[in-house]
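K.L.:
Got a sequence here, can you model it:
(one chain, ligands or ions: 1)
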Amino acid sequence: MSVDILAIAAHRDDVELTCAGTLIKAAALGRKTAIVDLTAGEMGSKGDARSRATEAEKAAAIMKVSARENLGLPDAGIVNTPETREIVARVIRRFKPRVVIAPARQGRHPDHRVTAELVRDACFIAGLAKVAPDVPKHRPLKVVHCISFRQDFEKPTFVVDISAEFEQKLEAIRCFESQFGGATQAGEVYPNGEPLYDAIRHYSAHYGSMIRTKYGEPFFTTETMRVDDVAALEVSTF
Ligand SMILES: [Zn+2]
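P.N.:
Predicted coordinates:
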């Protein structure tokens, strides 16, 4: 199995909140996508691991990913160690992604912050032949961090236009009814008093406005984006 994009997140609803529109759009463009969730969500305040597994399956079908796996690392206890790096590197080698989507490098929840670093390090380690030598090495070309809902000032490197995919993204999020039913806050989404689904719509509209479109999902890369034709640049300054 080889995928174009592999999204790796700490918890089962993280991908839906941060990059579902991007995955849905990629699948529509003919890209092969997959999701790896690091934990089963056993420490969540609402619902339990089993109901979240069923919800994650439903959401995966809406996002049209080719696979969704769970690594069963300890929820609220993710650490970045040689052992966990090897666990994540092995799954990266199995999926052989060109691009990996990781969480934002800062976060309210320590699992999000640690996962960002763990995923990045595991992508590097996956390219070292002498680590877990029983599996052929594979290093993804690129790691991009999804930074939806982050309020630390970090200007997105790029925003994906998800105007056409936004309602499906919301549908994927709504699969996690055990988490979000009646909620005004989830994950990194700070509450403004409105129902969670409305808050997500407003955030997405804000990111969309950054590229002069209805809805968007923001990403950050440490490396600079390349441009060949300056005359073809998009997004109006005015
Ligand atoms: Zn999370």
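K.L.:
you'd agree Pro97 is up against Val3?
P.N.:
Yes. When contacts are counted by C-beta atoms under 8 Å, Pro97 is listed as touching Val3 (5.1 Å). Quick note: C-beta positions are derived from backbone N, CA and C, even for glycine.
K.L.:
Could you tell me which residues touch both of these two?
P.N.:
When contacts are counted by C-beta atoms under 8 Å, 6 or more residues apart in numbering, Pro97 and Val3 have Ala34 as shared neighbours.
K.L.:
higher neighbour count, the two?
P.N.:
More crowded of Pro97 and Val3, by other C-beta atoms under 10 Å: Pro97, with 28 against 22.
K.L.:
Not counting sequence-adjacent ones, nearest residue to that one?
P.N.:
Leu6 (3.6 Å; C-beta to C-beta, 6 or more residues apart in numbering).
K.L.:
Checking Val143 next. Helix, strand or coil?
P.N.:
The local conformation at Val143, judged by DSSP: H, G, I helix; E, B strand; the rest coil, is strand.
K.L.:
what does Ala7 give?
P.N.:
Here Ala7 is strand, with the state taken from three-state DSSP.
K.L.:
contacting residues around it?
P.N.:
For Ala7, the residues meeting the contact criterion (C-beta under 8 Å, 6+ apart) are Val15, Cys19, Leu23, Thr33, Ala34, Ile35, Val36, Val100, Ile101.
K.L.:
near the ion, which residues of the protein?
P.N.:
Where the chain comes near the ion, counting by C-beta under 5 Å from the ion, the residues are Ala10, His11, Asp14, Gly187.
K.L.:
I figured the last one hits Arg12, correct?
P.N.:
So that's Gly187. No. Gly187 lies out of contact with Arg12 (C-beta under 8 Å); the separation is 10.9 Å.
K.L.:
ok, which stretches of the chain are helices?
P.N.:
Listed from the start of the chain, the chain has helices (DSSP state H) covering 14-28, 49-63, 82-95, 110-125, 166-174, 177-180, 196-210.
K.L.:
out of these, deepest packed?
P.N.:
For those, average neighbour numbers computed from mean count of other C-beta atoms under 10 Å are highest in helix 14-28, which has a mean of 26.
K.L.:
Touching stretch 103-116 from outside, list them.
P.N.:
The contact list for stretch 103-116, computed with C-beta under 8 Å, 6+ apart, reads 8-11, 14, 18, 38-39, 75-80, 102, 117, 119, 145-148, 150, 152, 154, 187-188, 220.
K.L.:
Oops, could you answer that again for stretch 171-178 instead?
P.N.:
Contacting residues not belonging to stretch 171-178 are listed as 12-13, 16-17, 20, 24, 46-48, 51-52, 55-56, 58-59, 62-63, 180, 197, 200 [C-beta under 8 Å, 6+ apart].
K.L.:
Compute the number of surrounding residues for Ile162.
P.N.:
Neighbours around Ile162, by other C-beta under 10 Å: 25.
K.L.:
how much space is there between Ala132 and the ion?
P.N.:
As for Ala132, its distance to the ion is 27 Å (criterion: C-beta to the ion, to the nearest Å).
K.L.:
surely that residue meets Arg90?
P.N.:
Yes. With contact defined as C-beta under 8 Å, Ala132 reaches Arg90; the gap is 5.8 Å.
K.L.:
Right, and the ion sits closest to which residue of this structure?
P.N.:
Distances from the chain to the ion, computed as C-beta to the ion, single out His11 as the nearest residue at 3.5 Å.
K.L.:
wait, that residue sits on Asp75?
P.N.:
Yes. The criterion here is C-beta under 8 Å, and His11 meets it with Asp75 at 7.1 Å.
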